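Asker: With the input below, show me the fold.
(one chain, ligands or ions: 1)
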Amino acid sequence: MSKRVTLLNGPNLNLLGLRQPEIYGRETLADVVAKVAALAGELGLDLQALQSNHEGQLVDWIQEARGTSAGIIINPGAYSHTSVAILDALNAFDGPVLEVHISNIHKREAFRHHSFVSSRAEGVIAGFGTEGYLLALRRMATLLA
Ligand code: CA2
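Answerer: Residues are numbered from 1 along each chain as shown. Below is the predicted model of the structure:
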C-alpha cells in the first residue's frame, strides 16, 4: 500500500491564481493540487490535499493525520506567523513535516520573517513559487523511503 502524504494549505490559499498574481502566481489551488497529486503518483505516494481558512480545522486535520499519514507538507499561510496551536498539533504528529511558502517570506514585511511551524519542520521552502510544493513532495519521498 502506498504511503499517504497530507498536503495542508491554510487561510486565503483558496484564492491562488485569482488575486495578487505578482506575488502568488497565476495557477489556481486546484491546478497546484493536480500537479502535486500527479507527482505523488509517480513517486508511489498517495496525496491527501486539504485547504481551510480556519485554524481549528487545520488543527483537527493534523490530529487526524496521526496514524493515517506518513508525512505532512504544510503551507500554514498567515497562521505560520501566529499559531502556537498549529505548532502544538504538529509536535504531536510523529512523521516528517515540511513547510512551504510560495513567496520568499524573508523578502517581505518583518512580521512574516518568523514562522512558529519552522521549529518543527524538517525543512522549509520559501520563494520558489508553487514549484515549492513539488520540491517538498520530492523531499518527502526521500524522507519516507
Ligand atoms: O508565501 C506564502 O505561501 C504565504 O504562506 C502565503 C500567505 C502569507 O500570509 C504568508 O506570509 C506567506 C498568504 C496566502 C494568501 O494567498 C493568497 C493568494 C492569492 C490571492 C490572495 C491571497
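Asker: List of residues touching the helix or strand of the chain with the lowest mean pLDDT?
Answerer: Every helix and strand in the chain was compared by mean pLDDT, DSSP states H and E; the lowest is helix 21-24, with a mean of 90. Here helix 21-24 makes contact (CB atoms under 8 Å, 6 or more residues apart in numbering) with L16, G17, I102, S103, T130. Where C-beta positions appear, they are placed from N, C-alpha and C, glycine not excepted.
Asker: residue ranges for the helices of this structure, please.
Answerer: 21-24, 29-43, 55-65, 84-91, 131-144 (DSSP state H).
Asker: Using CSV, lay out the ones you listed together with mean neighbour count.
Answerer: Shown next, in CSV, are the helices of the chain (neighbours: other CB atoms under 10 Å):
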stretch, mean neighbour count
helix 21-24, 12
helix 29-43, 16
helix 55-65, 18
helix 84-91, 18
helix 131-144, 19
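Asker: closest one to R112 among those?
Answerer: Closest to R112 of these, according to CB to CB: helix 21-24, at 11.3 Å.
Asker: how about the closest one against the ligand, any contact?
Answerer: Yes - applying CB under 6 Å from any ligand atom, one finds helix 21-24 in contact with the ligand at Y24.
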